[in-house]
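# Next one to model:
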Amino acid sequence: MPSSAPAVADRVAHFIGGRQCHSQAPQAAEVCNPATGDVLSVTPAAGAEEVATAVEAARAAFPGWSATPVTQRAKILFCCRQVLHDHAEELARLICLENGKTLDEARGDVTRGLEVLDFACHIPHLLKGECLSDVAEQLDGMTSREPLGVCAGITPFNFPVMVPMWMVPLAVACGNTFVLKPSPKVPFSANRLAELFCEGGLPEGVFNVVHGGREAVAALCEHRDVRAVSFVGSTPAARWVYETAARHGKRVQSAGGAKNVLLVMPDADWDSTIRAIMGSAFGCAGQRCMAGSLLMGVGAAAQPLRERVSAAAAALTLGSSLEDPTIGMGPVIDRAARDRLFGAIDRADHEGLPLLCDGRSRVPQRGFFVGPTIFDHVTPDRAMFREELFGPVVALAEPASLGEAIDWLNRLPYGNGATIFTSSGAAAREFARRISCGMVGINVGVPAPMAVFPFCGWGDSFFGDLHVQGMEGVQFFTRQKIVLSRWDQGYIRRQGW
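Okay, here's the model as predicted:
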């Protein structure tokens, strides 16, 4: 039964100081429904002046919010958590509308974001410092974690709720205020998030949203009152944000792209392995930094893997989940993404790479669809092996052994995620110890960590020191203060106590 789409405004507003703020800036982008191609709205291209207005609102709110007792901040976050939980389905439908995910994927997006908020609600415990008495004669030492000030988040289109929620709950729980600059392609869920946090009791100005493109990003990276910048996007953009914001004296965590591997050993359990591969490679239309886009069948696993994954991919249905909840895969984000992916498929096809599944065929006439695509016999010298395409395109390779597979993978510049499917503890242990990446799965299609652990990209997948989520997230949004105290013990005697 078709589901009704949420209503949205004809022109997107900023959310600054607890209210909608309409912009006179020129248009940054059209907001389309990727499943139909229909234009839903337009996003303003905020410049330095409008960014400064959002930063000023956050700066003005910081003294009061940072002075709010941590237990009171936790109570407010618990209320926010309930409000967001009550509106989870609304957020999921907004994600479907502006991003094109299936409804189940959109619900997962919201759920994973709420898990970070759950973690942030424990902030009274997470912010506890350390104490050591008599560190020297009559000298006691104590540490505390202090908020930074105004923090900024710059987020991509592919997880419109989860990625902002990697940042916002921990930043504000730690006593900071926040300015979010989402992708101009997915503005609705970002604005609705800010509204819901305000409904939950977050004071005006603590969470602000400003829309725009590169000029807005540069303004946040350069603004003197922004103390920390958290970014998720492509590797070239992540490197630029890291270098620019760091050059302006800011703390930076900047997550980039990836080329993640799914390695199948001959002793893998085939049914569970194929289910995991399909979710990893084609979930969210392959538009995620944890997507498994490099598939390897080791030795005797190559042929059955080829047959099984091709059959499963061919069975996937494409379309709009808001119109048909049974749809298996949604569209890519826009026409440019579709055309870029078709171009990459064309080039690899012309270069002679065998196609097991061709995503240029069997696509709906409306919307921006790319079908599941699998190239066979891809070797490490091929661009298809090395380059992130960010779509439902998979390269199938055939290393002769586990050792050869690991050697091939460790040549890649990225270091985000890698999974092995096997029944052998020895093979799993060797893979986990030798693979050069930050997140390893063993019989897990998407080894993205839960909120209590950091999201640990390596190499060209991350620039900075402290990652999002977990205690590294708390550390990123705070700075340590140490107090050394010594008291005159003779004072007690002189007072006759």
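# all contacts plus neighbour counts: C-alpha atoms, from now on.
Will do.
# and the nearest residue to Val226 once chain neighbours are set aside, how far is that from Glu472?
Excluding its sequence neighbours, the residue lying closest to Val226 (Cα to Cα, 6 or more residues apart in numbering) is Val150, at 5.0 Å. Distance from Val150 to Glu472, counting by Cα to Cα, to the nearest Å: 18 Å.
# sec struct for Thr111, please.
helix (DSSP: H, G, I helix; E, B strand; the rest coil).
# Which residue ranges of the stretch 351-497 of the chain form strands?
355-357, 373-375, 393-397, 414-415, 417-421, 439-442, 458-459, 462-464, 478-486 (DSSP state E, counting those that start in this stretch).
# for those strands, which one sits closest to Phe282?
Set against Phe282 and scored by Cα to Cα, the strands of the stretch 351-497 of the chain come closest in strand 393-397, at 8.1 Å.
# what's next to that closest one, contact-wise?
Strand 393-397 is contacted by residues 281, 286, 292-297, 306, 359, 372-379, 384-385 when judged by Cα atoms under 8 Å, 6 or more residues apart in numbering.
# Could you rerun that using 6 Å?
Here strand 393-397 makes contact (Cα atoms under 6 Å, 6 or more residues apart in numbering) with Ser293, Leu294, Leu295, Met296, Thr373, Ile374, Phe375, Asp376, His377, Val378.
# Output the strands of the stretch 351-497 of the chain as CSV; include the columns mean pLDDT, mean neighbour count and distance to Ala29.
What follows is the strands of the stretch 351-497 of the chain, written out as CSV (pLDDT from 0 to 100; neighbours: other Cα atoms under 10 Å; distance: least, Cα to Cα, whole Å):
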stretch, mean pLDDT, mean neighbour count, distance to Ala29
strand 355-357, 96, 19, 33
strand 373-375, 98, 25, 29
strand 393-397, 98, 26, 26
strand 414-415, 96, 26, 30
strand 417-421, 98, 27, 32
strand 439-442, 98, 23, 34
strand 458-459, 96, 19, 31
strand 462-464, 98, 23, 27
strand 478-486, 97, 13, 34
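# Identify whichever of these lies nearest to Pro63.
Nearest to Pro63 among the strands of the stretch 351-497 of the chain is strand 478-486; the distance by Cα to Cα comes to 15.0 Å.
# Around Val8, how many other residues sit close by?
Applying other Cα atoms under 10 Å, we find 12 residues neighbouring Val8.
# Can you give me every residue that contacts it?
Counting by Cα under 6 Å, 6+ apart, Val8 makes contact with nothing.
# Please apply the same query to the one 5 residues further on.
Remark: with contacts taken as Cα under 6 Å, 6+ apart, Ala13 is in contact with Gln20, Cys21, His22.
# Out of these, name the ones that lie in strands.
Gln20, Cys21 (DSSP state E).
# Kindly reformat the contacts of Ala13 as TSV containing neighbour count, pLDDT and distance to Trp497.
As requested, the contacts of Ala13 are exported to TSV (neighbours: other Cα atoms under 10 Å; pLDDT from 0 to 100; distance: Cα to Cα, whole Å):
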residue	neighbour count	pLDDT	distance to Trp497
Gln20	15	96	61
Cys21	16	95	62
His22	13	93	66
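# Next, format the contacts of Ala13 as CSV and append distance to Val363.
Putting the contacts of Ala13 into CSV (distance: Cα to Cα, whole Å) gives the following:
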residue, distance to Val363
Gln20, 38
Cys21, 39
His22, 38
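# now, among the contacts of Ala13, which is nearest to Pro447?
Relative to Pro447, the closest of the contacts of Ala13 is Gln20; by Cα to Cα it sits at 37.6 Å.
# What's opposite the closest one in the beta bridge?
Beta-bridge pairing of Gln20 under DSSP bridges involves Phe15.
# what residue ranges in this protein score low on pLDDT?
The model of the chain has pLDDT under 70 over residues 1-4.
# ok, now with 50
1-2 (pLDDT under 50).
# Nearest the middle, which residue of it would you pick?
Centroid-nearest residue in the chain, with Cα atoms, centre = their mean: Val163, separated by 3.9 Å.
# Kindly provide the distance from the nearest residue to Thr273 once chain neighbours are set aside to Met296.
Using Cα to Cα, 6+ apart and skipping residues adjacent in sequence, the residue nearest Thr273 is Phe421, 6.6 Å away. Computed as Cα to Cα, the Phe421 to Met296 distance reads 10 Å.
# Ok, Glu204 next?
Counting by Cα to Cα, the separation of Glu204 from Met296 is 51 Å.
# more crowded one of the two?
When Glu204 and Met296 are compared on other Cα under 10 Å, the one with more neighbours turns out to be Met296, at 26 against 19.
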